[in-house]
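>>> generate coordinates for the sequence data below:
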Amino acid sequence: MSTIIYVNGNLYTMDAARPRAQAMAIDSASGAILAVGDNDEVRRVGGQHTELIDLGGKTVLPGFIDAHIHLLSTAYRAHHIDAAECGSEGEVAELVRARAAQTPPGQWINGGRWDKNLWPGQGFPTKASLDAAAPEHPVALWSKDGHLLWVNSLALQRAGITAETPEPANGAILRDGAGVPTGILQEEGATALVYQVIDEPAPELTRLLVERALTELQRTGITTIHDIEGRNAFRLFQQLRAEQKLGVRVHMILPRQVLPELHAAGIDNHYDNDMLRLGGIKIFADGTLGSQTAAMLESFEGSPGNYGILTTPEQEMQEAVAVASELGITIAIHAIGDRAAHVALNAIEQAERIHAGRHASNARARLRYRLEHVQLVAPEDLERMRRLGVIASVQPYHAVVDRDIAERYWGRR
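As a prediction, the model looks like this:
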């Protein structure tokens, strides 16, 4: 075994009994940390083939964990139109026009990250500007938060969405006064109508882009991710792990639709190895603040009657949480509005009650339930989270980017 010993450093150990250290020894083949301590005690770990590196007082931190990422989506930003810096609907349309000039007619133009809340008037864009920019290409652009899809007429046509299309159960098709779709689709019940007809990207391109993204994660010190995506991502990670090319630890959080498969296969949270494991299932309770689709107990400011969208009906959520709980699978529930948090906690509390009743003599370790984002929560539900041991999986970034729209749409709440 070849060992690398780092000495004369300022190491943060995250161990309350010994928060700082001078040195560490690492197995160069596996990357496993063999010892942490002061210079003298760690030097004793070394053998004949030891490499010694003097850190010269530099600081060493443990690897960072990104607890909420969509890696395939992130990887494709380098390939699709990125409208994050656009200050108006017209600027986005110009990006589409430029891409259309380089794309054969009939092929999809995809992209996103546009944010209407940064544009003059903050109104929803329409298909008209995309029709003018790319009349011969179907166009699909997701919003910054991923909960809106802005499409043109050709994309609506390919998806079969017309004025006669019924309103989806867990989403919305925005329409004009005559009932004609405007080009904005809200939440999965509506956006899936388009996503299911978009051409699948070539697997080779997906792998190339993901490998580049994994390298970037390593470069920035991220060694573990909680990836919230679907089967395709999981299969790719399995392939990379088998080839020893994964490079970061992945806790895979899969959509709730895979629960029957996990049940049939007997897969639970113990399906893992050191690099890839099942980290749980994801359930969407609502939309987002920026899209005004977060499920609210009171309507959005300036929009009487708009209480957002509960994207998973309450009964359906209770059933999914109960099944996952029985399987011993961690549950992560996307909940941004206070009504979404309330409904999610109802489902968690009921699942715990059911489990306790069925297994009174067989106590288990409490599942690590998570509420993702949980941007607005009623005081009594915050107390309920504490009592149930529910983790608030929050992203501090939202406190910055959503500050102004939180004041605009939620007011004093």
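
>>> burial measure for residue 215, as a count.
12 (other C-beta atoms under 10 Å). Glycine gets a C-beta too; all of them are placed from N, C-alpha and C.

>>> same question for residue 347.
Counted with other C-beta under 10 Å, the neighbours of residue 347 add up to 25.

>>> then residue 261?
Using other C-beta under 10 Å, residue 261 has 11 neighbouring residues.

>>> look up how far residue 329 lies from it.
From residue 261 over to residue 329 the distance is 12 Å, taken as C-beta to C-beta, to the nearest Å.

>>> quick one: low-confidence parts of this structure?
1, 263-272, 359-365 (pLDDT under 70).

>>> what's the longest helix in it?
Across the chain, the longest stretch assigned as helix under DSSP state H is helix 338-358.

>>> dump that one to PDB, keeping only the CA atoms.
Below are the C-alpha coordinates for helix 338-358, written out as PDB (Å, rounded to 0.1, in the frame of the first residue of the first chain):
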ATOM      1  CA  ASP A 338     -47.200  27.100   3.300                       C
ATOM      2  CA  ARG A 339     -50.200  25.000   2.100                       C
ATOM      3  CA  ALA A 340     -47.700  22.500   0.400                       C
ATOM      4  CA  ALA A 341     -45.700  22.200   3.600                       C
ATOM      5  CA  HIS A 342     -48.900  21.600   5.600                       C
ATOM      6  CA  VAL A 343     -50.100  18.900   3.300                       C
ATOM      7  CA  ALA A 344     -46.700  17.300   3.200                       C
ATOM      8  CA  LEU A 345     -46.500  17.200   7.000                       C
ATOM      9  CA  ASN A 346     -50.000  15.700   7.200                       C
ATOM     10  CA  ALA A 347     -48.800  12.800   4.900                       C
ATOM     11  CA  ILE A 348     -45.600  12.300   7.000                       C
ATOM     12  CA  GLU A 349     -47.500  12.300  10.300                       C
ATOM     13  CA  GLN A 350     -50.000   9.800   9.000                       C
ATOM     14  CA  ALA A 351     -47.300   7.500   7.600                       C
ATOM     15  CA  GLU A 352     -45.500   7.500  11.000                       C
ATOM     16  CA  ARG A 353     -48.800   6.700  12.700                       C
ATOM     17  CA  ILE A 354     -49.600   3.800  10.400                       C
ATOM     18  CA  HIS A 355     -46.100   2.400  10.800                       C
ATOM     19  CA  ALA A 356     -46.200   2.600  14.600                       C
ATOM     20  CA  GLY A 357     -49.600   0.800  14.600                       C
ATOM     21  CA  ARG A 358     -48.400  -2.000  12.400                       C
END
